[in-house]
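K.L.:
sharing a sequence plus its predicted fold:
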Amino acid sequence: MTVTNSYVRAIRGPVLLIVLGVLLLIDFAGSLSFWRSWPALLVVMGLMILLERVVTPGYPTAPPPPPGAGGV
């Protein structure tokens, strides 16, 4: 695990809590219902996972095929 990867993991929870707070604040203000905006949490979570994979050098890809599996 790299230092950058650990930073991304460290901020994932606080970022999700901030987004949740903003969505609840918007709901409380009456602009948009929370039940219509909660998928934004899923989008932010997906972006955080993508960011973690982008900053991780050498993220594992598909394993190579076993020897002799070429159909020869």
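P.N.:
Arrived safely, thanks for sending.
K.L.:
pLDDT weak spots in this structure?
P.N.:
1-4, 56-62, 69-72 (pLDDT under 70).
K.L.:
tell me where the longest helix sits in it.
P.N.:
For the chain, the longest helix by residue count, based on DSSP state H, is helix 3-29.
K.L.:
that one packs against which elements?
P.N.:
Applying 3 or more Cβ pairs under 8 Å, 6 or more residues apart in numbering; DSSP states H and E, one finds that helix 3-29 contacts helix 34-37, helix 39-55. Yep, even glycine has a C-beta here, placed from its N, CA and C like the rest.
K.L.:
now the shortest one: buried residues?
P.N.:
Right, helix 34-37. Of the residues in helix 34-37, residue 37 count as buried by neighbour count, 16 or more other Cβ atoms under 10 Å.
K.L.:
which residues are contacting it?
P.N.:
23-24, 26-27 (Cβ atoms under 8 Å, 6 or more residues apart in numbering).
K.L.:
could you write me a ChimeraX select line covering just the buried ones among these?
P.N.:
Listed next is the ChimeraX selection for buried residues among these, using 16+ other Cβ under 10 Å:
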select :23,27
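K.L.:
and the furthest pair within the contacts of helix 34-37?
P.N.:
Across these, the longest distance by Cβ to Cβ is 7.3 Å; it joins 24 and 26.
K.L.:
OK, contacts around residue 7?
P.N.:
Residue 7 makes contact with no residue, according to Cβ under 8 Å, 6+ apart.
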